[in-house]
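> Generate coordinates for the sequence data below:
(one chain, ligands or ions: 1)
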Amino acid sequence: MTGHRETRPAGGGIAGPVLAWYDRHRRSLPWRAPPGAVADPYRVWLSEIMLQQTTVAAVRPYFEAFVGRWPAVADLAAAELDEVLHLWAGLGYYARARNLHRCARMVVADHGGAFPAAEEELRRLPGIGPYTAAAIAAIAFNSKATPVDANVERIMARLFAVDTPLPRARTALRAHAAALTPDARCGDHAQALMDLGATVCTPRGPRCGACPLEDRCLAHRRGLAEQLPNRAPRKERPVRHGVAFWITAPDGAVLLRRRPESGLLGGMVEIPSTEWRTTAWTDREARRAAPVEADWEPVPGEVNHVFTHFRLEMTVLKGAVRDTAGIEGFWSPPERLDGWALPTAMKKIVQLVVANRPAPRC
Ligand code: SF4
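Presented below is the predicted three-dimensional model:
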């Protein structure tokens, strides 16, 4: 034993084997150009925004719906925000949908309807952070850019056997990825790493035997593949509590409100509720916070919804008003609730109320 440990993967660059693997195993995705063709920046941008925090399988139908409805960035820019939010509903993180729409308008107004090619310019557009800018620059313009997502972080952590926990290891992993980015076929290289991470170097059970980097991967050599990357223990999400008010008019219509443009679920339509706070609401407090006076009746059950920074627990009070005059908000027939851009947390409230509706009498 020499006591010496390798710290670099054998064989230098990885582009050769990675690109050869990609040419044989690339995934066919609706936003991808066929081999050898140039990708449409609009489709690349749209897919990358949708893919943040979500899986390819979840994004596919949304992507198809968006490009079917708005085939080019100018079409999306001309759309009403509410229609965009409506088609987006279910993907979550609605600030992204609002930024998507703002970005489309800015591309049309400031860039003549063509996405800029430079990373720095892309980053000035709403909703485009460093990762997305690098992905668009590489995939749509074949620029030498290095998009580093969780897949690429994992591959780098394993290839170089980096055991510093994430997120602390991030800077080092990005530097490794940047150093391995080739001068040519940059878009294919970026997509190859994404595919490799999604199909071979998976979080659990990596298929090292099918990997083009098997002979140069330090984690594989040391039997550490499955254990890397290390992660700092996650903090528990705090819980917030709220009470929603299901308010019906004499004709059965349900009261809705639109949330303020800025902040969580900005611009989305909601069922009125109390503030979402860290302490639970007593029955008396909730009734006092109600937007109208009514004979409130609790709806059995609870709605749970996980947001990025907290978990929401909501109960529902049901009440009817005799007169709708002067009540802030707008009314929707219950059968038309689907037509509004209701975020998932609100849809869960609708489901809870519908599930508790008394069965019709025969
Ligand atoms: Fe990942 Fe295994 Fe390939 Fe290393 S050899 S990059 S651990 S799949």
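> how would you label the residue in the stretch 251-362 of the chain that the ligand sits nearest to: helix, strand or coil?
Scanning the stretch 251-362 of the chain for the residue nearest the ligand gives residue 308, at 28.1 Å (criterion: Cβ to the nearest ligand atom). Any C-beta I mention is one placed from the backbone N, CA and C, and that applies to glycine too. Per DSSP: H, G, I helix; E, B strand; the rest coil, the local secondary structure of residue 308 is coil.
> can you list the residues of the stretch 51-200 of the chain near the ligand?
Within reach of the ligand by Cβ under 6 Å from any ligand atom, the stretch 51-200 of the chain has these residues: 155, 158, 159, 200.
> Helix or strand: which one has residue 117?
When secondary structure is defined by DSSP states H and E, residue 117 falls outside every helix and strand.
> Going by neighbour count, which residues in stretch 120-138 are buried?
122, 123, 125, 127, 128, 132, 133, 134, 135, 136, 137, 138 (16 or more other Cβ atoms under 10 Å).
> any weak-confidence spans in this protein?
Within the chain, the stretches with pLDDT under 70 are 1-12, 359-362.
> Tell me how it divides into domains.
Structurally, the chain divides into domains by automatic domain parsing as follows: 15-227, 239-355.
> quick one: the last one to chain centroid distance?
Read it as domain 239-355. Here the centre of mass of C-alpha atoms in domain 239-355, compared against the chain's by Cα atoms, centre = their mean, to the nearest Å, lies 24 Å away.
> Quote the end-to-end distance of that domain.
Counting by Cα to Cα, to the nearest Å, you get 25 Å between the two ends of domain 239-355.
> What of stretch 212-227?
End-to-end distance of stretch 212-227: 20 Å, with Cα to Cα as the criterion.
> is the ligand contacted by it?
Yes: residues of stretch 212-227 contacting the ligand under Cβ under 6 Å from any ligand atom: 213, 214, 217, 219, 220, 225.
> for the residue of the stretch 251-362 of the chain closest to the ligand, what are its contacts?
When the contact criterion is Cβ atoms under 8 Å, 6 or more residues apart in numbering, the partners of residue 308 are 53, 93.
> elements contacting the helix with the most length in the chain?
Looking only at the chain and at elements set by DSSP state H, the helix with the highest residue count is helix 94-111. Counting contacts by 3 or more Cβ pairs under 8 Å, 6 or more residues apart in numbering; DSSP states H and E, helix 94-111 is packed against helix 41-51, helix 73-78, helix 81-88.
> run the last query once more with 6 Å
Using 3 or more Cβ pairs under 6 Å, 6 or more residues apart in numbering; DSSP states H and E as the contact definition, the elements that helix 94-111 packs against are helix 73-78, helix 81-88.
> CA atoms only for that helix, dumped as PDB, please.
Backbone C-alpha positions of helix 94-111 (Å, rounded to 0.1, in the frame of the first residue of the first chain) are rendered in PDB as follows:
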ATOM      1  CA  TYR A  94     -47.100  29.700 -10.200                       C
ATOM      2  CA  ALA A  95     -44.500  32.500 -10.000                       C
ATOM      3  CA  ARG A  96     -42.800  30.600 -12.800                       C
ATOM      4  CA  ALA A  97     -45.900  30.800 -15.000                       C
ATOM      5  CA  ARG A  98     -46.200  34.600 -14.400                       C
ATOM      6  CA  ASN A  99     -42.500  35.000 -15.200                       C
ATOM      7  CA  LEU A 100     -42.900  32.800 -18.200                       C
ATOM      8  CA  HIS A 101     -45.500  35.100 -19.600                       C
ATOM      9  CA  ARG A 102     -43.500  38.300 -18.700                       C
ATOM     10  CA  CYS A 103     -40.400  36.700 -20.300                       C
ATOM     11  CA  ALA A 104     -42.300  35.900 -23.500                       C
ATOM     12  CA  ARG A 105     -43.500  39.600 -23.700                       C
ATOM     13  CA  MET A 106     -40.000  40.900 -23.100                       C
ATOM     14  CA  VAL A 107     -38.500  38.600 -25.800                       C
ATOM     15  CA  VAL A 108     -41.000  40.100 -28.200                       C
ATOM     16  CA  ALA A 109     -40.700  43.700 -27.100                       C
ATOM     17  CA  ASP A 110     -37.000  43.900 -26.500                       C
ATOM     18  CA  HIS A 111     -35.500  41.200 -28.700                       C
END
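> thinking again about what came up before, point out the most buried one among the domains of the chain.
Among the domains of the chain, ranked by average contacts under mean count of other Cβ atoms under 10 Å, first place goes to domain 15-227 (a mean of 18).
> if we can go back for a sec, rebuild the buried residues of stretch 120-138 as JSON lines, extending it with secondary structure.
Written out in JSON lines, the entries for the buried residues of stretch 120-138 read as follows (three-state DSSP):
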{"residue": "122", "secondary structure": "helix"}
{"residue": "123", "secondary structure": "helix"}
{"residue": "125", "secondary structure": "coil"}
{"residue": "127", "secondary structure": "coil"}
{"residue": "128", "secondary structure": "coil"}
{"residue": "132", "secondary structure": "helix"}
{"residue": "133", "secondary structure": "helix"}
{"residue": "134", "secondary structure": "helix"}
{"residue": "135", "secondary structure": "helix"}
{"residue": "136", "secondary structure": "helix"}
{"residue": "137", "secondary structure": "helix"}
{"residue": "138", "secondary structure": "helix"}
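> from these, which single one is nearest residue 234?
Taking Cβ to Cβ as the measure, residue 234 lies nearest residue 132 of the buried residues of stretch 120-138, at 24.1 Å.
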